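Enquirer: Give me a 3D structure for the following:
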Amino acid sequence: MNVKNVIYQKVFSLGNYENEKIGIEIEVSENENPIDALFEAKKYVEKAHLFNKRYFEYERAKSIVKDDENYTGKQRKQAEEFISDFEFSFNEFISKANSLKTLPNPSVEMF
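Expert: So this is what the prediction gives:
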C-alpha cells in the first residue's frame, strides 16, 4: 500500500454546546512512515487546540503586566511567568496568530 497523505481531524467540546473542529493534512514522502506522520498530525492538532484554549489567557496576562496600577507585583510576576511559558510552548502558533488580524472563530472548521 502506498500512502501519499495523512489526514487527522478531531472535534473538541468547548462547553455550552459549542465545538471546535481542528484538522491537518500531511503529505507523506516515500521514505517516511505514515504511522509516524499520523502521530505527528495528532500531536499538532492537540497542540493547536491547547493554543486556542489558552491564547486569550495569554492576551490577558500581557495586559496585566502592562497595568502596574491595578495589579499587585505578585499578580504581574505570575502573569510574566505565564507569558514566558506560553511563548516557549507555542512560539510557532504565536507568530501565525500575530500575522492574522483575529483568531479564527472556534465554531468555524479549521482545516
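
Enquirer: Run through the strands of the chain in chain order.
Expert: 5-15, 18-27 (DSSP state E).

Enquirer: now these in a markdown table, with mean pLDDT, mean neighbour count and distance to Phe90?
Expert: To be clear about C-beta, it is placed using only N, CA and C from the backbone, and glycine gets the same treatment. Listed next are the strands of the chain as a markdown table, based on pLDDT from 0 to 100; neighbours: other C-beta atoms under 10 Å; distance: least, C-beta to C-beta, whole Å:
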| stretch | mean pLDDT | mean neighbour count | distance to Phe90 |
| --- | --- | --- | --- |
| strand 5-15 | 93 | 13 | 16 |
| strand 18-27 | 94 | 15 | 14 |
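
Enquirer: could you dump the ones you listed to JSON lines with distance to Asp68?
Expert: Formatted as JSON lines, the strands of the chain follow (distance: least, C-beta to C-beta, whole Å):
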{"stretch": "strand 5-15", "distance to Asp68": "33"}
{"stretch": "strand 18-27", "distance to Asp68": "35"}
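
Enquirer: Any idea which of the ones you listed gets closest to Phe56?
Expert: strand 5-15 (12.1 Å; C-beta to C-beta).

Enquirer: Give me the angle between that closest one and strand 18-27.
Expert: Computed by axes from the mean of the first three to the mean of the last three C-alpha atoms, to 10 degrees, the angle separating strand 5-15 from strand 18-27 equals 170 degrees.

Enquirer: Return the list of helices and strands in contact with strand 5-15.
Expert: Using 3 or more C-beta pairs under 8 Å, 6 or more residues apart in numbering; DSSP states H and E, the elements in contact with strand 5-15 are strand 18-27, helix 34-66.

Enquirer: quick one: the shortest one to helix 34-66, angle?
Expert: Computed with the same axes, to 10 degrees, the direction of strand 18-27 lies at 130 degrees from that of helix 34-66.

Enquirer: which stretch among the strands of the chain comes nearest Phe39?
Expert: Closest of the strands of the chain to Phe39 is strand 5-15, at 9.1 Å (criterion: C-beta to C-beta).

Enquirer: can you list the residues that contact that closest one?
Expert: By C-beta atoms under 8 Å, 6 or more residues apart in numbering, the residues outside strand 5-15 that reach it are 19-28, 34, 37-38, 41-42, 44-46, 49, 106, 111.
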